[in-house]
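S.K.: Give the three-dimensional model of this entry:
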Amino acid sequence: MAIDFDEASDPTELDVASGMNITPLIDVLLVLLVMLIITIPIQLHSVNMEMPAGAPLSMPTEPLVVKIEVNAQNQLLWNGQPVAGRVELDQRLQAAAQLSEQPEIHIRAHRSAKYDTVAAVLTAAQQMGLQKIGVVGLDEYAR
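M.R.: Sure, this is the predicted structure:
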């Protein structure tokens with residue numbers, strides 16, 4: 001292959017392209033690519049897992065739930081039973097806090113209940129050391 005830089009040549013005569021021939025370069029790269037693909041280890045489609053041996057664990061027990069309701073007259077109900085006053089509420093919360101597995105405290109307040117009563121129940125439950133306290137039934141106020 002030759003390169004002709006002579007500009008005085010006949011314009012009808014075909015000139016040889018003056019660019020570099022990259023076909024051998026592409027051939028070498030393709031061969032290297034094929035060799036790389038062949039040398040890659042075959043991937044396994046399985047995952048090795050070590051499963052526990054022995055008897056299956058027992059199913060977890062349902063948590064104990066204490067439902068405290070504050071009705072429209074600001075009276076407290078412990079699982080549907082009326083609570084005489086703040087002292088009795090504190091005693092019941094203290095007894096619940098001392099159980100080996102603390103119960104979940106679900107507090108539900110009526111729409112017309114005073115905020116002070118609900119806040120006092122929340123504060124008393126926290127002061128007695130209960131960890132699982134929640135206010136339920138708030139979805140009716142979202143409307």
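
S.K.: contacts, neighbours, all on C-alpha from now
M.R.: Will do.

S.K.: Could I get the full set of strands for this structure?
M.R.: Using DSSP state E, the strands of the chain run over 65-70, 76-78, 81-82, 104-109, 133-135.

S.K.: starting at the chain centroid, how far to the first one?
M.R.: The chain centroid and the centroid of strand 65-70 are separated by 29 Å, computed with CA atoms, centre = their mean, to the nearest Å.

S.K.: cool, and the third one?
M.R.: The gap between where strand 81-82 is centred and where its chain is centred comes out at 39 Å by CA atoms, centre = their mean.

S.K.: what does it contact?
M.R.: Residues outside strand 81-82 that contact it (CA atoms under 8 Å, 6 or more residues apart in numbering): 75-76.

S.K.: Sheet-wise, list the partners of that strand with their directions.
M.R.: Pairing partners of strand 81-82, with direction, according to DSSP bridges: strand 76-78 (antiparallel).

S.K.: Which positions in the strand it pairs with come out as buried?
M.R.: Buried positions in strand 76-78, judged by neighbour count with 16 or more other CA atoms under 10 Å: 76-77.
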